[in-house]
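Any chance you could fold what I've pasted below:
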Amino acid sequence: MQKRNQNHNGKMKLTIKQENFCNYYVECGNASEAYRRAYSCDRMKPGIVNRKAKELMDNGKIAARVKELQNERKEQSDITKEKILSELSNIAFSSIAHLHNTWIERKDFELLTEKQKSSIKSISTKILKKNVGTNEDPEIIDVEYVKIELYDKIKAIERICKMLGYDEPTVLDLRNALVQIDTGID
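Numbers count the residues shown, from 1 in each chain. Alright, predicted model coming up:
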């Protein structure tokens, strides 16, 4: 006979609100926001909501369920670390110079590689009238000005470093290290 607060595997079940909190957290990535959505907090101060959300995240059952839901999402999507790293690399190592043939003539968008296109955040254009003639004999032409904005390289590099663990502190365990010191005495 199963106990009331256990699932079929014998693990402790979460309450409906705890389960909702886990789902909302996976959806939005913000524990306080997930807490507000899962629990009624109309009369709570933001500091209390933050504390209660942290308490939930520190709960082993909830942390395990969040991890389980995140893993389910990873399996459902075809997004891999390698794909994310590739996209971030395109941004981090892009150059605006790759988007121009010369200083004033930009490449046709169709001629850009997929790597180059993936580093572009936005392209905007505006057309202004310009007199290329003289005051006595004006010749007005349309001049297209193009603004190309690339994604933030620093943020991309920071994400790559975080994903690859480059920004993790190095831990040296000196308890297990053997040191041989040559004293010159045999």
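
Check which element follows the strand or helix carrying residue 72 along the chain.
Element membership of residue 72, judged by DSSP states H and E, is helix 60-76. Later in the chain than helix 60-76, the nearest helix or strand by DSSP H and E is helix 81-92.

I'd like the next helix or strand past that following helix.
helix 114-118.

Report the buried residues of that following helix.
The neighbour-count criterion (16 or more other CB atoms under 10 Å) identifies 116, 118 as the buried residues of helix 114-118. All C-beta atoms are positioned from the backbone trio N, CA, C, and that covers glycine.

Contacts for the very next helix or strand once past that helix next, please.
Downstream of helix 114-118, the first helix or strand assigned by DSSP H and E is strand 120-131. With CB atoms under 8 Å, 6 or more residues apart in numbering as the test, strand 120-131 has contacts from 99, 109, 138-151.

Taking the residues you listed, tell me the two that lie furthest apart.
Maximum pairwise distance in the contacts of strand 120-131, criterion CB to CB, is 41.4 Å, between 138 and 151.

Between those two, which is the more surrounded one?
Neighbours per residue, other CB atoms under 10 Å: of residue 138 and residue 151, the larger number sits with residue 151, 17 against 9.

How about the secondary structure of the spatially most central residue of the chain?
Central residue of the chain (CA atoms, centre = their mean): residue 159, 6.7 Å from the mean position. Under DSSP: H, G, I helix; E, B strand; the rest coil, the three-state class of residue 159 is helix.

That one is in contact with residue 88, isn't it?
Yes. Under the criterion of CB atoms under 8 Å, residue 159 makes contact with residue 88 at 5.4 Å.

quick revisit: for the residue nearest to the centre of the chain, give its distance to residue 40.
For residue 159, the distance to residue 40 equals 36 Å [CB to CB, to the nearest Å].

Not counting its own residues, what contacts stretch 32-42?
So stretch 32-42 is contacted by 17-18, 20-22, 24-25, 27-28, 46, 48-50, 52-53, 56 (CB under 8 Å, 6+ apart).

quick one, phi psi at residue 29?
Backbone torsions of residue 29, given as degrees, to the nearest 10, read phi 80, psi 10.

Now, the contacts of stretch 32-42 that are in strands?
In strands, judged by DSSP state E, none of the contacts of stretch 32-42 are found.

Any idea how far apart the tips of stretch 134-147 sit?
28 Å (CA to CA, to the nearest Å).

tell me the secondary structure for residue 41?
Residue 41 is classified as coil under three-state DSSP.
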